[in-house]
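*Asks:* prediction below, plus the sequence it came from.
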Amino acid sequence: MTRQMVLVGFLQAQNCTNLPSSWRHPASRDDSMSADYYQEIAKILEAGKFHMAFFDDRLAMPDRYGNDHAHTVEYGIRCVKMDPLIVLTTMGMVTEKLGLGATCSTTYYEPFDVARRFATLDLMSGGRAGWNVVTSLNDGEALNMGRDSHPEHDSRYDRADEFMEVVLGHWDTWEDGALIMDKNSGRFADPAKVKRLDHKGPFFKSRGPFTVPRSDQGHPVIIQAGASGRGQRFAGRWGEVIFTAARNLAGAKDGYAAVRNEAAKAGRDPDQMFLCNLTTPVCAASKAEAEDKMALINKLPLQIDALSLLAEALNYDFASKDLDEPLTTDELKSMQGILGIRDGVLKNSGKSNPSARDFVTFSGRGQVQDAMVGGPKEIADKLEEMFVERGCDGFVIAATYVPGSYADFVQHVVPELQRRGLFQKDYRGKTLRENLGLRRPAAEAWKVPPRDAAE
């Protein structure tokens, strides 16, 4: 089959999109705490044949800047954060084929709990669930979850590796065909086909037996977004849909090759994963109309948006320094969370000790400076280049206002991608795995021997 793009809608169960100023847009709906708001988005994405609606999440509102939440609440910088799994359930009720993905932390939850939540969503949606595995970001999340501080970066991934083993282990303990449901004999299931896990490791103990049978797709699709070296190794070992955030084709190709190489070293088939690059399109029927839309969007962000999100993502209080004072090497080393942001600023600024203003300028955080602006042809041309040149396998489409950004993309860009044969005209099947082209996993298929180097 001809290679085609994967498309994912990037959402937040909050008062704004990943762009904190989106709620200020005059065309954005202002009822983001209602089911109807998310159900309209779901219908738009499914009409556009998107593979998945995906929710990012945090366990705290941004409060690392100045170690206070006042600015976050005052300016609406992602201050509302609802449980994305419950929101996804409402979206699943009005769709039939759209995949339903959500974030859940390996740092602050227990494996059995996460396994049960996503396995339940998988059954309730007919096999459409996906779990985005994250290790969380900052001290605000730690304090909300009963910890004094956020764990060190690499140790979080060590814990996450074992977390995955426990979750996948539980998902495997119900064999296909375990359910009998014979009313005459009174037998519900075959006990020989339902096992206990009895896991005991450095971080977790979890006995079982697990309480949710396998779904039509086997188990939820694993999503990952590791950008650092350790994160890429984790993504290569576990991820089936990988989110990336390359800002140009060269960087995208390097990241694409690196993650696929990590998958091969982990003993996996790199073709059984899809790397999707975060993209913010501003599109309309013509380039001139799209540029007019962009001019309005550019008026919405505030400097505090960027500073707040940078402090949140890097677990560093940028209010502790003058805006133009260079950060020391020790301060840069102390940063945690999404270290790809820090490393990108160092690379793109060309400075070994950038200032807070440099972080605002070169990170793109809270801004739309990397938006793709144009009519159907201009947007499709850019997406096609990155896809065909193997910078990615698809795109995570971020919105500048809701639901209009998604509707614009479905109305203007999707038909052009379909006309070029780059994107599906209909869904392949009913489950998320079928629609992505992923094999249904056999029990314990994840237990593959690693290889020393990629072939």
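*Replies:* Structure's in. What do you need? As the structure is a computational prediction, the values presented were derived from the model and not from experiment. Numbering: from 1, shown residues only.

*Asks:* use CA for all of it now, contacts and neighbours both
*Replies:* Noted.

*Asks:* ends of stretch 299-306, how far apart?
*Replies:* Its start and end residues considered, stretch 299-306 measures 14 Å (CA to CA, to the nearest Å).

*Asks:* in that stretch, what counts as buried?
*Replies:* Buried residues in stretch 299-306, counted by 16 or more other CA atoms under 10 Å: 300-301, 304-306.

*Asks:* please enumerate the helices of the stretch 251-400 of the chain.
*Replies:* All helices of the stretch 251-400 of the chain, identified by DSSP state H, counting those that start in this stretch, fall at 287-297, 303-314, 329-334, 339-349, 356-363, 376-388.

*Asks:* mean pLDDT and distance to residue 394 added to those, as TSV?
*Replies:* Formatted as TSV, the entries for the helices of the stretch 251-400 of the chain read as follows, by pLDDT from 0 to 100; distance: least, CA to CA, whole Å:
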stretch	mean pLDDT	distance to residue 394
helix 287-297	97	22
helix 303-314	93	24
helix 329-334	95	32
helix 339-349	91	20
helix 356-363	93	22
helix 376-388	98	7
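
*Asks:* most tightly surrounded among those helices?
*Replies:* When the helices of the stretch 251-400 of the chain are scored by mean count of other CA atoms under 10 Å, the highest mean neighbour count falls to helix 303-314 (a mean of 23).

*Asks:* give me the distance between that one and the centre of its chain.
*Replies:* 19 Å (CA atoms, centre = their mean, to the nearest Å).

*Asks:* cool, and stretch 243-262?
*Replies:* Averaged over its C-alpha atoms, stretch 243-262 has a centre that lies 16 Å from its chain's centre (CA atoms, centre = their mean).

*Asks:* same deal with stretch 71-81?
*Replies:* In this view, stretch 71-81 has its centroid 21 Å away from the chain centroid, taken as CA atoms, centre = their mean.

*Asks:* gap between the two ends of that stretch?
*Replies:* 16 Å.

*Asks:* give the buried residues for it.
*Replies:* Within stretch 71-81, the residues that count as buried by 16+ other CA under 10 Å are 71-72, 75-81.

*Asks:* likewise for stretch 270-287?
*Replies:* Residues of stretch 270-287 classed as buried by neighbour count (16+ other CA under 10 Å): 270, 273-284, 287.

*Asks:* got it, and stretch 219-236?
*Replies:* Counting neighbours by 16+ other CA under 10 Å, the buried set in stretch 219-236 is 219-228, 231-236.

*Asks:* now do stretch 315-322
*Replies:* By 16+ other CA under 10 Å, the buried positions in stretch 315-322 come out as 315-318.

*Asks:* pLDDT of that stretch, averaged?
*Replies:* Along stretch 315-322, the predicted local confidence has a mean pLDDT of 93.

*Asks:* could you do stretch 110-121 as well?
*Replies:* The predicted confidence, averaged over stretch 110-121, sits at 98.

*Asks:* buried sites along that stretch?
*Replies:* Judged by neighbour count (16+ other CA under 10 Å), stretch 110-121 contains these buried residues: 110-112, 114-121.

*Asks:* extract the residue ranges of the stretch 351-455 of the chain that are flagged as low pLDDT.
*Replies:* When residues are selected by pLDDT under 70, those of the stretch 351-455 of the chain lie in 450-455.

*Asks:* kindly recompute the last result at 50.
*Replies:* Within the stretch 351-455 of the chain, the set of residues satisfying pLDDT under 50 comprises 452-455.

*Asks:* tell me where it has strands.
*Replies:* Using DSSP state E, counting those that start in this stretch, the strands assigned to the stretch 351-455 of the chain run over residues 372-374, 394-397.

*Asks:* break this structure into its domains for me.
*Replies:* 6-296+370-436, 302-363 (the TED database).

*Asks:* closest to residue 447 out of these?
*Replies:* For these, distance to residue 447 was read as CA to CA. The smallest value, 8.9 Å, belongs to domain 6-296+370-436.

*Asks:* now do the end-to-end distance for the closest one.
*Replies:* Criterion CA to CA; first-to-last residue distance in domain 6-296+370-436 is 7 Å.

*Asks:* do the same with stretch 396-409
*Replies:* First-to-last distance for stretch 396-409 - CA to CA - comes to 12 Å.

*Asks:* out of the buried residues of stretch 71-81, list just those in helices.
*Replies:* 71-72, 75 (DSSP state H).

*Asks:* for residue 185, state which of the buried residues of stretch 270-287 is nearest.
*Replies:* Sorting the buried residues of stretch 270-287 by distance to residue 185 puts residue 273 at the head of the list, at 43.5 Å, by CA to CA.

*Asks:* separation between the closest one and residue 124?
*Replies:* Spatial separation of residue 273 from residue 124 under the definition CA to CA is 24 Å.

*Asks:* same question, residue 105
*Replies:* According to CA to CA, residue 105 stands 22 Å off from residue 124.

*Asks:* which residues touch residue 4?
*Replies:* With CA atoms under 8 Å, 6 or more residues apart in numbering as the criterion, the residues that contact residue 4 are 393, 421-424.

*Asks:* try it again at 7 Å.
*Replies:* With CA atoms under 7 Å, 6 or more residues apart in numbering as the criterion, the residues that contact residue 4 are 422-424.

*Asks:* for residue 355, same thing?
*Replies:* For residue 355, the contacting residues are 323-327, taking CA under 7 Å, 6+ apart as the criterion.

*Asks:* if you set the cut-off to 6 Å instead, what comes out?
*Replies:* 324-327 (CA atoms under 6 Å, 6 or more residues apart in numbering).

*Asks:* can you say which of those residues are buried?
*Replies:* If you count burial by 16+ other CA under 10 Å, the buried members of these come out as 326-327.

*Asks:* nearest to residue 199, of the contacts of residue 355?
*Replies:* Comparing these against residue 199 with CA to CA picks out residue 327 as the nearest, at 44.2 Å.

*Asks:* which SS class is the closest residue to residue 12 other than its chain neighbours?
*Replies:* Distances taken as CA to CA, 6 or more residues apart in numbering put residue 55 closest to residue 12, at 5.1 Å, once the chain neighbours are dropped. The assignment at residue 55 comes out as strand when based on DSSP: H, G, I helix; E, B strand; the rest coil.

*Asks:* name the residues that touch the longest helix anywhere in the chain?
*Replies:* Identified as the longest helix of the chain according to DSSP H is helix 153-171. Under the contact criterion CA under 6 Å, 6+ apart, helix 153-171 has outside partners 106, 111, 115, 135, 210.

*Asks:* mind checking which of those are in strands?
*Replies:* Members of those lying in strands (criterion: DSSP state E): none.

*Asks:* contact partners for the nearest residue to residue 179 once chain neighbours are set aside?
*Replies:* Closest residue to residue 179 in three dimensions, ignoring its sequence neighbours and counting by CA to CA, 6+ apart: residue 189, at 4.3 Å. Under the criterion of CA under 6 Å, 6+ apart, the contact partners of residue 189 comprise 178-180.

*Asks:* any quick ChimeraX command for the buried ones out of those residues?
*Replies:* In ChimeraX, this line selects whichever of these come out buried by 16+ other CA under 10 Å:
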select :178,179
